[in-house]
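K.L.:
Generate a structure from the sequence data that follows.
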Amino acid sequence: MAYAVGLPLAGVMIAPFLYMVATALISEPGSLRHPLPENFAAALVALPFGRFLVNSVILSLGVVAGQVLTSATAAYAFARLRFPGRDHVFLGYLCALLVPAIVLVIPRFLLIDALGWADSYQGLISTELVSVSGIFLLRQFFRTIPRDLEDAARLEGAGEWTIFWRVIVPPSRPALATLAVLAFADQWRSFVWPLVATRSSGMQPLEVGIANLEGVYHLSWSYQMAAAVAAVIPLMVLYFVAQKYFVRGIEQTAL
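P.N.:
Alright, predicted model coming up:
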């Protein structure tokens, strides 16, 4: 029964990727004749995709490092520390999830432009360093860790930072890995914010660079799809490598 339901759903999920690969290998849109693997080489040299790749890697890794650090420390405070108004502050954080991200694009750009960070790595990364969903994910996981471990550490004279680093973080590695994978994938696929925050092609990440192929070729579907396939490969490798930790983190957080 599970296979009867799962296989059709898997086919529906995989179909767009198969179509993307098929389109990347054709010479003309709508025709499956004469597959052209050289479309990949042509697409990758049409624009400075090496630079786009470097920008995407810097953006994604910078945001991952920031979100893991800020989410872990904030989640520890909301899950383990006691202070006045803690639950109300956390509720305020959750209310931020109700605000559409597109509404904040202009205020964010005005902020980085006033700081002189437009078209720079600081501007791209700085406003993405805090993830409310990441805080919520880690808070739910931290609350499952027995307090007996924390109390025993306090009896030994450990401070809050020691408890956080040596008691909370080690068993939370699956959840931290899950957050890292989700944050990396989200930034790797980011389009609207990099499009607004960057002005030169030297600062554009992959998604914006792929969109620019439309201005290079009159009929660019094959080249755009070829570049998109190349851009998806790092995410596929990441998911395969981190699959064990990702699934374990989702399962344990849900429990």
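K.L.:
any low-confidence regions in this structure?
P.N.:
Under the criterion of pLDDT under 70, the regions of the chain flagged as low confidence span 1-3, 5-6, 23-44, 46, 213-221, 245-255.
K.L.:
and residue 199, what helix or strand is that in?
P.N.:
Using DSSP states H and E, residue 199 falls within no helix or strand.
K.L.:
can you give me the end-to-end distance of stretch 209-223?
P.N.:
End-to-end distance for stretch 209-223, by Cα to Cα, to the nearest Å: 12 Å.
K.L.:
Kindly report the same for stretch 79-90.
P.N.:
Its first and final residues considered, stretch 79-90 spans 10 Å by Cα to Cα.
K.L.:
cool, and stretch 113-126?
P.N.:
12 Å.
K.L.:
again with stretch 81-98
P.N.:
End-to-end distance of stretch 81-98: 26 Å, with Cα to Cα as the criterion.
K.L.:
List the buried residues in it.
P.N.:
Counting neighbours by 16 or more other Cβ atoms under 10 Å, one finds that the buried residues in stretch 81-98 are 90, 93. All C-beta atoms are positioned from the backbone trio N, CA, C, and that covers glycine.
K.L.:
quick check, distance from it to the centre of its chain.
P.N.:
With Cα atoms, centre = their mean, to the nearest Å as the basis, the distance from the averaged C-alpha position of stretch 81-98 to the chain average is 24 Å.
K.L.:
swap in stretch 79-93?
P.N.:
The gap between the average C-alpha position of stretch 79-93 and the chain average comes to 26 Å, counting by Cα atoms, centre = their mean.
K.L.:
which residues sit against it?
P.N.:
Contacting residues not belonging to stretch 79-93 are listed as 74, 77-78, 132, 135-136, 138-139, 142-143, 147, 150, 160, 163, 168 [Cβ atoms under 8 Å, 6 or more residues apart in numbering].
K.L.:
Any of those residues buried? List them.
P.N.:
For the contacts of stretch 79-93, a burial check counting by 16+ other Cβ under 10 Å picks out 74, 77, 78, 132, 135, 136, 138, 139, 142, 150, 163, 168.
K.L.:
So for the helix or strand harbouring the third one, what gets flagged as buried?
P.N.:
Under the assignment given by DSSP H and E, the secondary-structure element containing residue 78 is helix 49-80. Residues of helix 49-80 classed as buried by neighbour count (16+ other Cβ under 10 Å): 49, 51-53, 55-57, 59-60, 62-64, 66-68, 71-72, 74-80.
K.L.:
Specify the local secondary structure of residue 144.
P.N.:
With DSSP: H, G, I helix; E, B strand; the rest coil as the basis, the three-state label of residue 144 is coil.
K.L.:
What separation do you get for it and residue 103?
P.N.:
Residue 144 sits 34 Å away from residue 103, going by Cβ to Cβ, to the nearest Å.
K.L.:
again with residue 157
P.N.:
For residue 157, the distance to residue 103 under the criterion Cβ to Cβ works out to 48 Å.
K.L.:
Between residue 144 and residue 103, which has more neighbouring residues?
P.N.:
Neighbours were counted for residue 144 and for residue 103 using other Cβ atoms under 10 Å; residue 144 has more, 13 against 8.
K.L.:
Next, that one: phi, psi?
P.N.:
Main-chain torsions, residue 144, degrees, to the nearest 10: phi -90, psi -10.
K.L.:
Report the contact partners of the residue lying closest to residue 125 once chain neighbours are set aside.
P.N.:
Here the nearest residue to residue 125 in space, its sequence neighbours aside, is residue 62; by Cβ to Cβ, 6 or more residues apart in numbering that works out to 4.3 Å. Shown here is residue 62, whose contacts under the criterion Cβ under 8 Å, 6+ apart are 121, 124, 125.
K.L.:
Counting neighbours, which of these comes out on top?
P.N.:
Within these, residue 124 tops the neighbour count with 26 neighbours, counted by other Cβ under 10 Å.
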